[in-house]
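[1] Sequence and predicted structure are below.
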Amino acid sequence: MPFKQVTCSICNKTVNKAQTYFIGNDKRACKEHEGVIAKKESFDASKQRKTIFQQNRQKANADYQAHYYENIFKPKCFVCCVTGIRSQEYYLKVVVNMKKNEMVGTDPFKDIAPKEPPIHIMTKEKCKDILHLVRDIFRPVVDMTNVVALCGRCCMTLKIDPIDVPPKKMFEIGNILRVAMEPIIKQIASQELIRDN
Ligand SMILES: [Zn+2]
Ligand SMILES: [Zn+2]
């Protein structure tokens, strides 16, 4: 049986398929031409990124279906459907985790990220460029409330900064909160340490 033949998109010769690489846009080219290997690699990398994105999306969808009733009142991302915790609660947990590290004397930044992702609530106006990505089931909510909920990862991929406060102001607010909430943070941290040990 003859080898499968293809046309090289660079030299236009008919060659054995095995001598070529797929370089995107329905084109193949001989491996030996300049830049073909680099093109193949960048094509493979972008294909892999797409696959990962789709896998994450499928997983989120499956999780969403599987836990629909138990999660019905939990905050969700309107784009990828992942279930998480409100951003305020998320940041509070980070501070508590840092306090716990301080109390047991380990690396202050060890395991401080909560297991569930933060869900940020933002105005519809702020998200106007990505509204077409909102899942159909959440559209009525967006229209009724004028807000969009996005998980941290979607905020990053879609390049939406969930925080509008300038960094300097943020730092001041953070400091005030830390001082004001110190006794509560300490109490939660010690309770969690007792519970987990
Ligand atoms: Zn060629
Ligand atoms: Zn998301």
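    Looks like it came in fine. Ligands and ions are numbered 1, 2, ... in the order given.
[2] where are the low-confidence patches of this protein?
    1 (pLDDT under 70).
[3] any idea how it splits into domains?
    Here the chain is described, according to automatic domain parsing, as comprising the domains 5-66, 87-116+165-197.
[4] Need those domains in TSV (columns: mean neighbour count and distance to Asp136).
    No exception for glycine: its C-beta is placed from N, CA and C like everyone else's. What follows is these, written out as TSV (neighbours: other Cβ atoms under 10 Å; distance: least, Cβ to Cβ, whole Å):
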stretch	mean neighbour count	distance to Asp136
domain 5-66	13	13
domain 87-116+165-197	13	24
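[5] CSV for those domains, including distance to ligand 1?
    CSV is the format used below for those (distance: least, Cβ to the ion, whole Å):
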stretch, distance to ligand 1
domain 5-66, 3
domain 87-116+165-197, 50
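[6] closest one to ligand 2 among these?
    Closest to ligand 2 of the domains of the chain is domain 5-66 (Cβ to the ion; 7.2 Å).
[7] Any part of that closest one near ligand 2?
    No: between domain 5-66 and ligand 2, judged by Cβ under 5 Å from the ion, nothing touches; the nearest distance is 7.2 Å.
[8] So for that domain, first residue to last residue, what's the gap.
    Taking Cα to Cα, to the nearest Å, domain 5-66 runs 47 Å from one end to the other.
[9] Tell me the gap between that domain and the middle of its chain.
    Here the centre of domain 5-66 is set off from its chain's centre by 24 Å, with Cα atoms, centre = their mean, to the nearest Å.
[10] I am finished for the moment; much appreciated.
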